[in-house]
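In: Just the structure for this:
(4 chains)
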There are 2 protein chains.
Amino acid sequence: MTTIYDVAKAADVSASTVSRVLNKRGTVDSTLAARVHAAVAALQYRPNSIARNLRLQSTSVIALIISDIENHFFTSMARGLEDVASRAGYSVVLCNADENSKKERDYLGVAIGERFAGVILSPATANTDLSGLRDQGIPVVAIDRELREHTVDSVLVQTRSAAERATAHLLEHGFVRVACITGPSKASTAEQRLAGYRDALRRAGVRADRTLARHADYKEGGGYAAMKSLLDGPQPPDAVFVANEQMALGVVSCLADRGVRIPRDMGLVTFDDPPWARIVSPPLTAVAQPSYDVGRTAARLLLDRVLHREAAPRTVWLEAELRVRASSIRP
Amino acid sequence: MTTIYDVAKAADVSASTVSRVLNKRGTVDSTLAARVHAAVAALQYRPNSIARNLRLQSTSVIALIISDIENHFFTSMARGLEDVASRAGYSVVLCNADENSKKERDYLGVAIGERFAGVILSPATANTDLSGLRDQGIPVVAIDRELREHTVDSVLVQTRSAAERATAHLLEHGFVRVACITGPSKASTAEQRLAGYRDALRRAGVRADRTLARHADYKEGGGYAAMKSLLDGPQPPDAVFVANEQMALGVVSCLADRGVRIPRDMGLVTFDDPPWARIVSPPLTAVAQPSYDVGRTAARLLLDRVLHREAAPRTVWLEAELRVRASSIRP
DNA sequence: CTGTTAGCGCATTCAC
DNA sequence: GTGAATGCGCTAACAG
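Out: Residues are numbered from 1 along each chain as shown, chains lettered A, B, ... in the order given. Below you'll find the predicted structure:
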């Protein structure tokens, strides 16, 4: 492996001069600088970031730890994050924790061990332990899900009120028995969306015992099973509010299998607006989260935090938007 | 920051002993080991991987550089890779090059600088320069797309023959004027899929001047535009073979906008079998790639390569599977 | 079985 | 404006 000393020897200067040239620090005679550049090119020298990081006690890598790589919300967010971060000279690496607290812990361990410049995290549960990062002074921004301890910067979506609007929309369009399929109760988003659903029913004067909710796993299979169980229940719903994209897939699939037509027999609104929501028939009414903006905002908070370590933690709330399509409009 | 020396002092042993205990090397008196563990816990010590990596001249991080994070093929592959790699003690970080050669170069630079243990890459173009990695002795596995220089391990899918089967399938089902929408010509997969399409037409005795192909960008908008251009052409097709998932989205969307019904007015087969292909109406006939297996195989090749640096490069070909659904069957 | 020593590659003092 | 010396935190020789 070629080191800075090899370059120094080839250019007939000292290692310090090579370092100065490459990092544009101090001033170097242009003749020497030219010799250094020539040597670097000739030897194909690549600085060893590991040694550099060790010396500098810092890196320029940001880890994005997400809970589901198949979820469009996260991938779109990754774009927003990367666009901001890379402009500021950081690289972003993505880690898929897969809704699994152990994997999440492992990746947090990597982030600490490798002394990443920062971590952006969609916590698997509200109890995710960030003390390790804090101890090492690694800035964190939590996204999408609320943490029990509100000691870190966060970017959240107004998911409760959006869920309420979505449910109210179904009620306004003549559906009378609206069900809700939400995510695992350990995920704050799942609870928020469920709460918004209940808000809407309450406000519409629906008796509490007529709410019809199911918890599932935020995955396709869970959505399918939950829909099936609703259809087979004593009083099947005539509309359903689904709390994420993957489960919506399962719900649509289940309804098709059972010959239940949307929206005639079953109104449908889903949280998340994946690309395919527009092309299924009928197109799905969806709550679109500002995922790209979540990523950008998270990046900004993180970069701010690097500069102002001691500032009070901030939480930014972003709005979601209801996009009305045919699946929620009675023919 | 607490270092190994802080722990050593607290446990009243030497740094080497701490190192030995933590890395389970050599043998250490159990009394001392207990003291070390206590000190580690008390001080919340986390080894600095950077220093460790510098000393060891190696890391245990594998980079997966993909060309489109929104493509289900890649995310599913990431799972396969991670399942194998993490079992072998490696962490996987994902880098999204976004079909962009510059970003790809940047991430390769990170991988070299950080001395990652290996790189798995879906090359943006066949000319992607891997000499930097080679010079640093970092193992590489190319996936999905063929490189001009066949000097690295590769995992590829038999995409040409699969494309031929898909096209032949349309012809067998009574479609007579089958078009093809493929990806950018710089991507080898796009050329392969186009070649397979042509193979099928040739074998079926269709005159070469009756082939009807469009290059697009592998994205939704490109698929939409290409379909539009086909419909507006002098002799619109009665079926279309689409070369990836994102473009299929655009194609379906375009056909809906134009009131062209699938499969009555237009047969459709798509490469890639995203989850939504089953729930659109009609469900789409699709060429399913063994994406998860591609990931696992790539991981295995990479791990093998770590052990046998000098072995000849291997290329593993995997089969794709045609999944027939309603979109290609004339009513 | 344990401690001392040295060096991984680099950026930064400090002399010159 | 330049070079020699030092240390970031860790592990592998080596010596005891």
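
In: Tabulate the CA atom coordinates of the helix or strand where A:Val269 lies in PDB.
Out: Per DSSP states H and E: A:Val269 is located in strand A:267-271. Backbone C-alpha positions of strand A:267-271 (Å, rounded to 0.1, in the frame of the first residue of the first chain) are rendered in PDB as follows:
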ATOM      1  CA  GLY A 267     -63.700   2.300   1.000                       C
ATOM      2  CA  LEU A 268     -60.000   2.500   1.400                       C
ATOM      3  CA  VAL A 269     -57.500   5.100   2.500                       C
ATOM      4  CA  THR A 270     -53.900   4.300   3.100                       C
ATOM      5  CA  PHE A 271     -51.100   6.000   4.900                       C
END
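
In: can you tell if it touches chain B?
Out: No. Applying C-beta under 8 Å from any C-beta of the partner chain, one finds strand A:267-271 out of contact with chain B, separated by at least 12.0 Å. Every C-beta, even on glycine, is put in place using the N, C-alpha and C of the backbone.

In: tell me which strands and helices the following helix or strand past that strand is in contact with?
Out: Reading on from strand A:267-271 to the C-terminus, the next helix or strand found by DSSP H and E is strand A:285-288. Applying 3 or more C-beta pairs under 8 Å, 6 or more residues apart in numbering or on different chains; DSSP states H and E, we find strand A:285-288 packed against helix A:159-172, strand A:267-271, strand A:321-323.

In: hmm, who's touching the strand holding A:Val269?
Out: The contact list for strand A:267-271, computed with C-beta atoms under 8 Å, 6 or more residues apart in numbering or on different chains, reads A:159, A:162-163, A:166-167, A:169-170, A:173, A:175, A:178, A:193, A:238-245, A:247-248, A:251-252, A:255, A:262, A:277, A:284-287, A:289, A:322, A:327-328, A:330.

In: what angle sits between it and helix A:159-172?
Out: 170 degrees (axes from the mean of the first three to the mean of the last three C-alpha atoms, to 10 degrees).

In: show me where chain A has helices.
Out: A:4-11, A:15-23, A:30-43, A:49-56, A:72-87, A:101-113, A:131-136, A:159-172, A:188-203, A:220-231, A:245-257, A:291-307 (DSSP state H).

In: about what we covered before: now do the strand holding A:Val269, average pLDDT.
Out: For strand A:267-271, mean pLDDT rounds to 98.

In: So in chain A, where's the weakest helix or strand by average pLDDT?
Out: helix A:131-136 (a mean of 87; mean pLDDT, DSSP states H and E).

In: in its sheet, what does the strand holding A:Val269 sit against?
Out: strand A:239-242 (parallel), strand A:285-288 (parallel) (DSSP bridges).

In: In CSV: those, plus distance to B:His150, mean neighbour count and mean pLDDT.
Out: As requested, the strands paired with strand A:267-271 are exported to CSV (distance: least, C-beta to C-beta, whole Å; neighbours: other C-beta atoms under 10 Å in any protein chain shown; pLDDT from 0 to 100):
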stretch, distance to B:His150, mean neighbour count, mean pLDDT
strand A:239-242, 48, 30, 98
strand A:285-288, 45, 24, 98
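
In: and the ones you listed as TSV, adding distance to A:Arg148?
Out: Output for these, formatted as TSV (distance: least, C-beta to C-beta, whole Å):
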stretch	distance to A:Arg148
strand A:239-242	26
strand A:285-288	25
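
In: which one of these lies closest to A:Ala34?
Out: Closest to A:Ala34 of those, according to C-beta to C-beta: strand A:285-288, at 54.3 Å.

In: okay, now the domains of chain A?
Out: As given by automatic domain parsing, the domain ranges for chain A are A:1-47, A:159-288+A:322-328.

In: before we move on, back to that, among the contacts of strand A:267-271, name the buried ones.
Out: The neighbour count (16 or more other C-beta atoms under 10 Å in any protein chain shown) marks A:159, A:162-163, A:166-167, A:169-170, A:173, A:175, A:178, A:193, A:238-245, A:247-248, A:251-252, A:255, A:262, A:277, A:284-287, A:289, A:322, A:327-328 as buried among those.

In: how about the residues of chain A that lie near DNA strand D?
Out: Neighbours of DNA strand D within chain A, by C-beta under 7 Å from any atom of the strand: A:12-17, A:20, A:26-29, A:31-32, A:51, A:54-55, A:57.

In: Model confidence at the residue most central in space within chain A, what's the number?
Out: The residue lying closest to the centre of chain A (C-alpha atoms, centre = their mean) is A:Phe74, at 4.0 Å. On the pLDDT scale, A:Phe74 is placed at 94.

In: how close does it sit to A:Val287?
Out: 16 Å (C-beta to C-beta, to the nearest Å).

In: before we move on, what about A:Pro263?
Out: Applying C-beta to C-beta to A:Pro263 and A:Val287 gives a distance of 16 Å.

In: Stretch A:80-96 and DNA strand C in contact?
Out: No. Under the criterion of C-beta under 7 Å from any atom of the strand, DNA strand C is not reached by stretch A:80-96; the shortest gap measures 14.0 Å.

In: State the mean pLDDT of that stretch.
Out: For stretch A:80-96, the per-residue pLDDT averages 92.

In: residues in contact with stretch A:216-232?
Out: Against stretch A:216-232 from outside (C-beta under 8 Å, 6+ apart): A:68, A:99, A:179, A:181-184, A:187, A:190, A:212, A:214-215, A:236-237, A:240, A:242-244, A:246-251, A:253-255, A:258, A:260, B:275.

In: and A:Ala311, what are its phi and psi?
Out: Phi and psi for A:Ala311, reported as degrees, to the nearest 10, are phi -60, psi 160.

In: what about it, neighbour count?
Out: 10 (other C-beta atoms under 10 Å in any protein chain shown).

In: try A:Gly223
Out: 30.

In: same thing with A:Ser185?
Out: 11.

In: Tell me if I'm right that it and A:His215 touch.
Out: Yes. Here A:Ser185 reaches A:His215: they are 5.6 Å apart, a contact under C-beta atoms under 8 Å.

In: Contact partners for A:Leu170?
Out: A:178, A:239, A:241, A:267, A:269, A:328.

In: ok, what's across the strand from the second one?
Out: So that's A:Ala239. Residues in beta-bridge contact with A:Ala239 (DSSP bridges): A:Val178, A:Gly267.

In: isn't A:Ala277 right next to A:Ala286, touching?
Out: Yes. Under the criterion of C-beta under 8 Å, A:Ala277 makes contact with A:Ala286 at 4.9 Å.

In: Common neighbours of these two, please.
Out: A:270, A:325.

In: Most tightly packed of the domains of chain A?
Out: domain A:159-288+A:322-328 (a mean of 21; mean count of other C-beta atoms under 10 Å in any protein chain shown).

In: contacting residues for the nearest residue to A:Leu201 once chain neighbours are set aside?
Out: Spatially, and ignoring its direct neighbours in sequence, A:Leu201 is nearest to A:Thr211 (5.5 Å; C-beta to C-beta, 6 or more residues apart in numbering or on different chains). By C-beta under 8 Å, 6+ apart, A:Thr211 lies in contact with A:180, A:197-198, A:201.

In: can we see that at 10 Å?
Out: Applying C-beta atoms under 10 Å, 6 or more residues apart in numbering or on different chains to A:Thr211 gives the contacts A:177-180, A:194, A:197-198, A:200-202.

In: next one: A:Ala298
Out: Counting by C-beta under 10 Å, 6+ apart, A:Ala298 has contacts A:62, A:64, A:77, A:80-81, A:84-85, A:118, A:120-122, A:141-144, A:153-155, A:316.

In: That one and chain B: what is the separation?
Out: According to C-beta to the nearest C-beta, to the nearest Å, A:Ala298 and chain B sit 16 Å apart.

In: and the gap between that residue and DNA strand D?
Out: Computed as C-beta to the nearest atom of the strand, to the nearest Å, the A:Ala298 to DNA strand D distance reads 28 Å.

In: Next: A:Thr315.
Out: 32 Å.

In: what's the nearest residue to that residue if we skip its chain neighbours?
Out: Nearest to A:Thr315 is A:Ser154, by C-beta to C-beta, 6+ apart, at 4.4 Å.
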